[in-house]
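[1] please find the sequence and the predicted model below.
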Amino acid sequence: MDTFVQQIINGLTLGSIYALVALGYTMVYGILGLINFAHGEVVMIGALTALAVIKPLAGAGLPWPLAVLAGVAAAIAACMALGFVIERVAYRPLRNAPRLAPLITAIGVSMVLQQLAMIIWGRNYHSFPQLLPATPRAIGGAQITDLQIMIVAVAILMMAGLALLVNRTRLGRAMRATAENPQIAGLMGVDANHIVSLTFVIGSALAAVAGVMVSANYGIAHYNMGFILGLKAFTAAVLGGIGNLTGAMLGGILLGLIEALGAGYIGDLTGGFLGSDYQDVFAFFVLIVVLIFRPSGLMGEKVSERA
Amino acid sequence: MKAKVKAWQGVALIAAVLAVLPFAVGLGMGNAWVRVLDFALLYIMLALGLNIVVGFAGLLDLGYIAFYAIGAYLYALLSSPHFGLHWPAWAVLPLGAAVAGLFGVLLGAPTLRLRGDYLAIVTLGFGEIIRIFLNNLNSPVNITNGPQGIARIDPISVFGVPLSRPLDVLGVSLPGVYLYYYLFALVALGIIFVTMRLEDSRIGRAWVAIREDEIAAKACGINTRNVKLLAFAMGASFGGVAGGLFAGFQEFVSPESFSLMESVMVLCMVVLGGMGHVPGVVLGGLLLAVLPEALRQGAGPVQLALFGRVLLDPESLRILLFGLALILVMQYRPAGLWPSATRRREFSENPPEPGR
Amino acid sequence: MSALLEAIGIGKRFGGVEALKDVSLSIAQGEIYGLIGPNGAGKTTFFNVLTGLYAADSGHFSFAGKPLDVSAPHLVAAAGIARTFQNIRLFANMSALENVMVGRHLRTRAGVIGAVLRNEATRREEAAIERRALELLHYVGIGSRGNDLARHLSYGDQRRLEIARALATEPRLLALDEPAAGMNGTETGALRQLIGGLRDDGLTVLLIEHDVKLVMGLCDRVAVLDYGEKIIEDVPARVRRDPKVIEAYLGGAIA
């Protein structure tokens, strides 16, 4: 029972991070029909940028909430700029190219970003400073740390903010219209290019926050952390129904839970044959199963080739 | 009749160049470069296999290296002290092709009805799953020996002559890298032959038709699922053969050799060379296999001379350059460095949107 | 005349919209059968159900006296029904000749082994494919364009090429989805001749068309769909005067 509650807590924490990253995938997919493979690398850049700001500031004696706020702000700014540039330089010229072209470009962007980060930050793992008291609180036989509470709370806030932006503002309406039908939205005076840029920028801001969360959660950041994280977040987006914002949030949480519970119980399930080393397999397994049996995801529309 | 004579002249010329090449390279630049050639030939086989899937049938496979891994591990398990099995290469290599092909079908059967970009992700996941299993299947039953990999694999023997040891031919002692070169060149030529024959056939036309318009292909009576599966299986089997050759050549395999980056590298070869165009793909494989070696030898000294220290190790430089190359090629030369005539037209007539 | 194709009680819904309601019709061997109706009446939906692109919610087909399996497009093609598309779907970057050669896929056998060995049988088959494809290009009147990429053909020629490709599958029923759409008067006239010629050569044709004049002039029988329901099936002369049809078209459009 303890393991169960504990894994639920871990899963929720992980899941809210996945959800933030998944939103970036799903927003871009909803508008451009493009899988932005490089999105995971934006998360990584966010984490490392934040760290580069937090460490010296905290070292100089600034109280940690201020240092973290400054770090997050720097990460958000850097990632927004990065998202804007990626779309402008790599994807926009390919808007009408054959479908494989932007996908292949995305892989290239991902490679370049990873290596650039390695040049800037080196190959080493960077430890994320312990900012919140590590003493856990006990709930129902399991433990939860302040950091975990913080991560879930901030994620919920961010998602609520995005929901408000998309559903309640003029800008959000323009985004939804463009996702529905770019031509018609264009005729109605929506500047599609502007909306696409904005989508990348907003998604990247969420990615920056997620990057800080993920490195705080695991206590490390690394130039290589983005790809697998991105892949899992993409899985979450597909699980929820790609192109659907609520779906991405739901998919993220669900995937976090599946992974945490799977890792906790895989040994028992397979009679000790498979260990928790296989944690990463779960995401891919879920992805494959969802795509085969319900490619539209939990909340998405039909996306088969026929439609 | 004249055309036929000309074709044979061409074949004779290529054969002569291929026969002399290792000597020219070995004497001019050292036997380490002959080894690079050997690897280039393996990569060419992989690139040709992936080209069937990506170039002909238009299906983006990002986990292709898994089939290479399957071929390599099959060879390692069946011809090494690990299980005490020492099957001969002539039996293991075709088996590797068949098993890899079977895996191709197993992966393709449920996933091929997905949209192209979804397929890319699923195949990527499949590649990672295979690698994770190779990494962890050392307990509780030791099948793959985990991250340490499998060592002391039997070298490939042809007619009882192991290719790992120097062989005296007419008084000249040929080192193993030369012998493997000739074997690999033969297999690569075989694969090129098969690919070109397939391209110009009923099956090849069906593949291209699917790439061009899947619904129209269905309406023409093509069982697109089966034909796509066939592309998957053919591509995978080439990967399986190359994997077996790799294991026998290296006499060692470990999961590290089959990372996602390797899949991406093979994709780069196909894309940069020219999707769907066999000579282009061969060129891409050759260039991208030789370039990293040149970087390894050249990048350090150049950086030292320019900046006074080595900023970038060759491995990172390689990935950085290939990433940039993918982006630039897609923008400025999307049909690749050496595209087929048709593909070139196809891409050049899709001008980018003017409003930028 | 015996029925070649019979559709019995075909129904199809998209969400809340009933695109086809209990549509039954019967196409006789050797006739040109027109299917008309206002925009959104369900004509193309019927086509897509018949050719296996959509799954019907109810009803079934029988073709040449046998039940027709419409669960996959290639099965429909194999049974002997070929189609063209309203928004032309060619293999744009293959030559015109290759497009038609793809159409021969269904009626030829060579597999991987044949392709690689290129044995006597494969070579003979390949030559026959090419010969037949060339014949069909000539038949539809674009015999000289064989080496041009499909995308480089004029609009009218693309329509012809699509018909040639469909004919290459050796259909008993040819289903044409708005073949005259976007054509000018001259092109339409030539198309009328081509379709008439197909019937004279023994083919049965199912024609969906917006161009009512073309349908009335060419078809042996016509069915009218309105809001997913068949409101009449008769010879053109009677369809033209039917009050329900006139109402469906808001009076004017019937020539």
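    Sure thing, it's come through.
[2] do a quick rundown of the strands in chain B.
    B:79-80, B:85-86, B:157-158, B:161-162, B:167-169, B:172-174 (DSSP state E).
[3] so where's the stretch 101-250 of chain C uncertain?
    C:250 (pLDDT under 70).
[4] break down it into its helices, ranges please.
    Under the criterion DSSP state H, counting those that start in this stretch, the stretch 101-250 of chain C contains helices at C:112-117, C:120-139, C:155-167, C:185-200, C:212-218, C:236-241, C:243-248.
[5] ranking those by burial, who's on top?
    helix C:155-167 (a mean of 23; mean count of other Cβ atoms under 10 Å in any protein chain shown). Backbone N, C-alpha and C define where each C-beta goes, glycine included.
[6] run the angle between it and helix C:185-200 for me.
    Interaxial angle, helix C:155-167 versus helix C:185-200 (axes from the mean of the first three to the mean of the last three Cα atoms, to 10 degrees): 20 degrees.
[7] roughly how far is helix C:155-167 from the heart of the chain?
    11 Å (Cα atoms, centre = their mean, to the nearest Å).
[8] also stretch B:221-236?
    Relative to the mean C-alpha coordinate of its chain, stretch B:221-236 is positioned 19 Å out (Cα atoms, centre = their mean).
[9] is it in proximity to chain C?
    Yes. Under the criterion of Cβ under 8 Å from any Cβ of the partner chain, chain C is reached by stretch B:221-236 at B:221-224, B:230, B:234.
[10] still on that earlier bit, mind putting the strands of chain B into a markdown table with mean pLDDT, distance to chain A and mean neighbour count?
    Output for the strands of chain B, formatted as a markdown table (pLDDT from 0 to 100; distance: least, Cβ to the nearest Cβ, whole Å; neighbours: other Cβ atoms under 10 Å in any protein chain shown):
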| stretch | mean pLDDT | distance to chain A | mean neighbour count |
| --- | --- | --- | --- |
| strand B:79-80 | 94 | 24 | 24 |
| strand B:85-86 | 92 | 23 | 12 |
| strand B:157-158 | 88 | 36 | 14 |
| strand B:161-162 | 85 | 36 | 14 |
| strand B:167-169 | 80 | 41 | 11 |
| strand B:172-174 | 81 | 38 | 13 |
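[11] can you say which of the ones you listed is nearest to chain C?
    For chain C, the closest of the strands of chain B is strand B:157-158, at 22.7 Å, according to Cβ to the nearest Cβ.
[12] got the contact list for the closest one?
    B:88-89, B:163, B:183 (Cβ atoms under 8 Å, 6 or more residues apart in numbering or on different chains).
[13] just the buried residues out of these, in PyMOL syntax.
    The following PyMOL line selects those of the contacts of strand B:157-158 that are buried, judged by 16 or more other Cβ atoms under 10 Å in any protein chain shown:
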select buried, chain B and resi 89+163+183
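[14] could you pull out the helices for chain B?
    B:2-29, B:31-51, B:65-78, B:89-111, B:116-136, B:176-199, B:202-212, B:214-219, B:224-250, B:260-273, B:278-307, B:314-332, B:341-348 (DSSP state H).
[15] quick revisit: pipe the helices of the stretch 101-250 of chain C into TSV and attach distance to chain B per row.
    TSV is the format used below for the helices of the stretch 101-250 of chain C (distance: least, Cβ to the nearest Cβ, whole Å):
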stretch	distance to chain B
helix C:112-117	3
helix C:120-139	7
helix C:155-167	6
helix C:185-200	18
helix C:212-218	23
helix C:236-241	28
helix C:243-248	29
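[16] now B:H82: how far from chain A?
    20 Å (Cβ to the nearest Cβ, to the nearest Å).
[17] which pLDDT does the model give the residue nearest to that residue when sequence neighbours are not counted?
    Residue nearest to B:H82 in three dimensions, not counting chain neighbours: B:I150, with 5.0 Å by Cβ to Cβ, 6 or more residues apart in numbering or on different chains. As predicted, B:I150 sits at a pLDDT of 95.
[18] let me see the contact set for B:I150.
    Contacts of B:I150 by Cβ under 8 Å, 6+ apart are B:73, B:76-77, B:80, B:82, B:144, B:252-254.
[19] same thing but 7 Å
    B:76, B:80, B:82, B:253 (Cβ atoms under 7 Å, 6 or more residues apart in numbering or on different chains).
[20] equivalent analysis for B:A289, please.
    Counting by Cβ under 7 Å, 6+ apart, B:A289 has contacts B:36, B:39-40, B:43.
[21] residue numbers of the stretch 101-250 of chain A in contact with chain B?
    A:101, A:103-105, A:107-109, A:111-112, A:115, A:118-119, A:193, A:234 (Cβ under 7 Å from any Cβ of the partner chain).
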